[in-house]
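Novice: Turn this into a structure:
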Amino acid sequence: MNFIKNIISFYTQNTLLNTVILIAAAILCWVLWTYRKLKVMALAASIKAELKTYLKGEQKLNFALEWLMKQEFFKNTILKFIPAKIVKWVINTVFNTNRETIEAK
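Specialist: Numbers count the residues shown, from 1 in each chain. Next up, the predicted model:
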């Protein structure tokens, strides 16, 4: 109980600073959550591109990028404001990290 009283007294002494810290923490959590959603969608796009046997190298990356940007979930959320270069980098990173899983036959 004493711990809670200490937290409340510290917050009431520095309300502006603590409010800014709480808002920054909430924004950081939201950014990490959004990035996680983007990584999951990038993994799905990488798997979809890998299934296209006629695509090679950069074509697979471009196909995954186009497929990802056409998805309703991508278009209807805040993810649509992320530039294509960043999305392409995330897809490439996810593909390189999960190469064995994606290329498994």
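
Novice: can we go C-alpha only for contacts and neighbour counts from here?
Specialist: Will do.

Novice: Helix, strand, or coil at Ala64?
Specialist: helix (DSSP: H, G, I helix; E, B strand; the rest coil).

Novice: how about the closest residue to it other than its chain neighbours, what does it touch?
Specialist: Nearest residue to Ala64, sequence neighbours excluded (CA to CA, 6 or more residues apart in numbering): Ala45, at 4.8 Å. Going by CA atoms under 8 Å, 6 or more residues apart in numbering, Ala45 touches Ala64, Leu65, Trp67, Leu68, Ile91.

Novice: tell me the two of those residues that are most distant?
Specialist: Trp67 and Ile91 (11.3 Å; CA to CA).

Novice: The two: which is more packed in?
Specialist: Legend: neighbour count by other CA atoms under 10 Å for Trp67 and Ile91, higher for Ile91 (26 against 18).

Novice: Compute the distance between the nearest residue to the more buried one once chain neighbours are set aside and Tyr11, please.
Specialist: Closest residue to Ile91 apart from its sequence neighbours, by CA to CA, 6+ apart: Ala42 at 4.9 Å. Applying CA to CA, to the nearest Å, the value for Ala42 to Tyr11 is 40 Å.

Novice: Looking at the two, which has the bigger crowd around it?
Specialist: For Ala42 versus Tyr11, the count of surrounding residues by other CA under 10 Å is larger for Ala42: 25 against 14.

Novice: Val94 is in contact with the more buried one, correct?
Specialist: Yes: because the distance of 6.7 Å satisfies CA atoms under 8 Å, Ala42 is recorded as touching Val94.

Novice: for Lys60, what are its contacts?
Specialist: Contacts of Lys60 (CA under 8 Å, 6+ apart): Ser46, Ala49, Glu50, Lys52.
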